[in-house]
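J.: generate coordinates for the sequence data below:
(chains A and B, ligands or ions: 2)
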Amino acid sequence: MKNSTLPDPFEQARLEKGYGEMDDQNDPVTMVLRLKDVRKCAHNWKSYSSEAVPGRIVVPSEVNIRDMRQIPFEVDPPRHGAYRALVEAWFKRPLQAEYQQRLTDQISGIVDQFVGQERVEVVSELALPLQSRALTLLLNTDYGESEKWISWGTHVFRSEGVALDGDKATVLYDYIDEQIERAQKQPSGDLYSVLLDSEIDGRKMTPEEVKGVLVLTFAGGRDTVINAVTNAIAYFAEHPESLARLRQEPDITGRAVEEMIRYFSPLTQMGRVVMEDSQVCEHAVKADSRISLCWASANRDAAVFENPNEIVLDRKINPHVGFGFSHHNCLGATHARQIMKILLQTLAERVSTIEMLDFTENIEELDEFKRKVGFHKLSVKINPINH
Amino acid sequence: MAQITFITNDNQTITLEGTAGSVMALAVENGVSGIDGDCGGVCSCATCHVHVAPEDMHKTGPASEIETDMLELDDNANEYSRLCCQIEISGALDGIVLTVAN
Ligand code: HEM
Ligand code: FES
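T.: Ligands and ions are numbered 1, 2, ... in the order given. Now for the predicted structure:
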């Protein structure tokens, strides 16, 4: 097995039962493992709600470290739709040519900095700065702010060894409070100001609601993007032929991005709270218990994907759920897709080979399942193309 | 070469000419509203959903199983639904009318 391989720990349970079980801080979760079932449950918000006690739909649960509701993530339809309508256009800005040009400048700057160096630690030196700088574009805020976000380290809510770290969350909350106050005093064209000025139900959005959107934007777009970037570099280190192919056939870059999102599934799962006694794969789930939509398992479902455990760079039909499905599908997907597309283009243009030096794997302990989701650390040497 | 007409949700009628590639790509290039093509055409986003005019169904053919699986939960879907990233442009499509679903 190659070091960049992410094995599928759910295969047996998915085939035999279709669900898995996991205890999480005494609030057990029935994990839905097949693609079709994941889609059905994601769509069925009346039976499987996102609007529980804040933090409860996250696995591992965050109920003990926050009271604040993340928006639109922890709101059900129809109210969810009203919030989404407010932010949808903003989160499509990554489709604009100017945004893409600035993102390209950022990413090629970072890659150029490391090409030819003896060693780069990808997670902290490359992926984290890349993710943080790119976020300044999404928020339309000062580039300089990214320095602060980088200094927070790789996990906003999590730190190594401790699954859930309340202190780190406080740093983020205090920062966002400050920014909201600043935007109240001095409105600008950033996301804070735009949200403070927007209306829901005929009234202005409250600072608390604005905070709920911003916390989610910071938290949801951090580990996931870092993970996708790091796994992509590990993959190219062991598949130089794929880098060469993207150089020869740049047209397949979009497909390669989708395939990497499917294979890496940077977000393993997301929970829902069961509203009424029901059944998942003929397995009874009780009202007020939790299920999870296991995107990572669904994305390896052999009933849908041929050779699910391989990265098929130009996979033509790829109905993956890496960015979720139905109402709550990822709001940051346009931004994340552009980051990945530009990263792949930049690497294909400038890099010949990548040598993997050493690494520490990031393994999620999900009770009966252990899922490698990527790397805590990954050191590589990136070799230039000599034109 | 094929002429393809899109009717959008805001009741605009846009007729475009295409020679190759997918119908989704043609619509995105020309900014047809309601067709976003977020996933680039690999059938994972359903932001390219159209209703084919009943009399044109024989030109496009029916939706594939992957498409119907994607759309089965969509309230807007019906027997004329297609994800237009899965429709390849060719002369056979000439004259079809597609109503954008969203
Ligand atoms: C490769 C990177 C990413 C992956 C794999 C990913 C994955 C996901 C998934 C699976 C969901 C669905 C959650 C659910 O159904 O409960 C989701 C929702 C969401 N994501 Fe992402 N995400 C990524 C990047 C981002 C970024 C960059 C942002 C923003 C900066 C972001 C913001 C959000 C938000 C706001 C939601 C909630 C949408 C709603 O509830 O309506 N994500 N993401
Ligand atoms: S463009 Fe994504 S499904 Fe057609």
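
J.: strands along the stretch 151-300 of chain A, start to end?
T.: Assignment of strands within the stretch 151-300 of chain A using DSSP state E, counting those that start in this stretch yields the ranges A:199-200, A:203-204, A:270-274, A:278-280, A:283-285, A:290-293.

J.: tell me the secondary structure for the closest residue to A:Asp201 other than its chain neighbours?
T.: Nearest in space to A:Asp201, with sequence neighbours left out and distances taken as C-beta to C-beta, 6 or more residues apart in numbering or on different chains, is A:Ala82 at 7.2 Å. (Each C-beta comes from the backbone N, C-alpha and C, glycine too.) Secondary structure assignment for A:Ala82 (DSSP: H, G, I helix; E, B strand; the rest coil): helix.

J.: so for A:Ala82, what's the pLDDT?
T.: With respect to pLDDT, A:Ala82 scores 95.

J.: how much space between it and B:Leu73?
T.: Separation of A:Ala82 from B:Leu73 (C-beta to C-beta, to the nearest Å): 21 Å.

J.: list the contacts for A:Pro94?
T.: Contacts of A:Pro94 were listed using C-beta atoms under 8 Å, 6 or more residues apart in numbering or on different chains, and they are A:100, A:103, A:137-138, A:334-335, A:337-338.

J.: next, it: secondary structure please.
T.: Classified using three-state DSSP, A:Pro94 is helix.

J.: measure it to ligand 1 for me?
T.: According to C-beta to the nearest ligand atom, to the nearest Å, A:Pro94 stands 9 Å off from ligand 1.

J.: also A:Ala302?
T.: From A:Ala302 to ligand 1 the distance is 21 Å (C-beta to the nearest ligand atom).

J.: with adjacent residues omitted, what lies nearest to that residue?
T.: Leaving aside its sequence neighbours, A:Ala302 sits nearest to A:Pro308 (C-beta to C-beta, 6+ apart; 5.2 Å).

J.: tell me, how many residues neighbour the residue nearest to A:Asp201?
T.: 14 (other C-beta atoms under 10 Å in any protein chain shown).

J.: in chain B, what residue comes closest to ligand 1?
T.: B:Ser44 (11.8 Å; C-beta to the nearest ligand atom).

J.: what residues are up against that residue?
T.: Contacts for B:Ser44 (C-beta under 8 Å, 6+ apart) come out as A:258, A:318-323, B:70.

J.: contacting residues for the residue most central in space within chain B?
T.: Note on chain B: the residue nearest the mean C-alpha position is B:Cys84, at 3.1 Å, using C-alpha atoms, centre = their mean. With contact taken as C-beta under 8 Å, 6+ apart, B:Cys84 is in contact with B:22-24, B:27, B:35, B:48-50, B:98.

J.: returning to what we had before: with respect to pLDDT, which of the contacts of B:Ser44 ranks lowest?
T.: When those are sorted by pLDDT, the bottom entry is B:Met70 at 93.

J.: quick one: A:Asp112 is in a helix?
T.: Yes: counting by three-state DSSP, A:Asp112 is found in a helix.

J.: show me the contacts for it.
T.: Residues near A:Asp112 by C-beta under 8 Å, 6+ apart: A:Arg350.

J.: circling back to that earlier point, what's the most buried one of the strands of the stretch 151-300 of chain A?
T.: Ranked by mean neighbour count, the strands of the stretch 151-300 of chain A are led by strand A:290-293 with a mean of 26 (mean count of other C-beta atoms under 10 Å in any protein chain shown).

J.: parallel or antiparallel, list what pairs with it.
T.: strand A:29-32 (parallel), strand A:270-274 (antiparallel) (DSSP bridges).

J.: mean confidence (pLDDT) on it, please.
T.: For strand A:290-293, the mean per-residue pLDDT is 98.

J.: cool, stretch A:233-253 as well?
T.: Here stretch A:233-253 scores 97 as its mean pLDDT.

J.: what pLDDT does residue 9 get?
T.: Here I'm looking at chain A. A:Pro9 is given a pLDDT of 98.

J.: that's the wrong chain, I meant chain B
T.: 93.

J.: next up, phi/psi of it, please.
T.: Dihedral pair for B:Asn9: phi -60, psi -30, per degrees, to the nearest 10.

J.: does the helix or strand of chain B with the lowest mean pLDDT reach chain A?
T.: Lowest by mean pLDDT, DSSP states H and E among the helices and strands of chain B is helix B:65-71, with a mean of 94. Yes: looking at helix B:65-71 against chain A by C-beta under 8 Å from any C-beta of the partner chain, the contacts come from B:66, B:69-70.

J.: tell me which parts of chain B are close to chain A?
T.: Neighbours of chain A within chain B, by C-beta under 8 Å from any C-beta: B:36, B:38-45, B:66, B:69-70, B:73, B:86.

J.: closest to A:Arg133 among those residues?
T.: Nearest to A:Arg133 out of these is B:Asp38 (C-beta to C-beta; 23.2 Å).

J.: returning to what we had before: wait, is the residue nearest to A:Ala302 part of a helix?
T.: No: per three-state DSSP, A:Pro308 lies outside any helix segment and is coil.

J.: measure it to A:Phe375 for me?
T.: 22 Å.

J.: so for the two, which sits in the more crowded spot?
T.: The residue with more neighbours, out of A:Pro308 and A:Phe375, is A:Phe375; 23 against 16, by other C-beta under 10 Å.

J.: list the helices and strands the one helix or strand the more buried one maps to packs on?
T.: Per DSSP states H and E: A:Phe375 is located in strand A:369-384. Here strand A:369-384 touches strand A:120-121, helix A:223-238, strand A:351-366, going by 3 or more C-beta pairs under 8 Å, 6 or more residues apart in numbering or on different chains; DSSP states H and E.

J.: and if we set it to 10 Å?
T.: Under the contact definition 3 or more C-beta pairs under 10 Å, 6 or more residues apart in numbering or on different chains; DSSP states H and E, strand A:369-384 sits against strand A:19-22, helix A:97-114, strand A:120-121, helix A:223-238, helix A:295-298, helix A:333-350, strand A:351-366.

J.: does it reach ligand 1?
T.: No: using C-beta under 6 Å from any ligand atom, strand A:369-384 stays clear of ligand 1, coming no nearer than 10.7 Å.

J.: just how off-centre is that strand within its chain?
T.: 16 Å (C-alpha atoms, centre = their mean, to the nearest Å).
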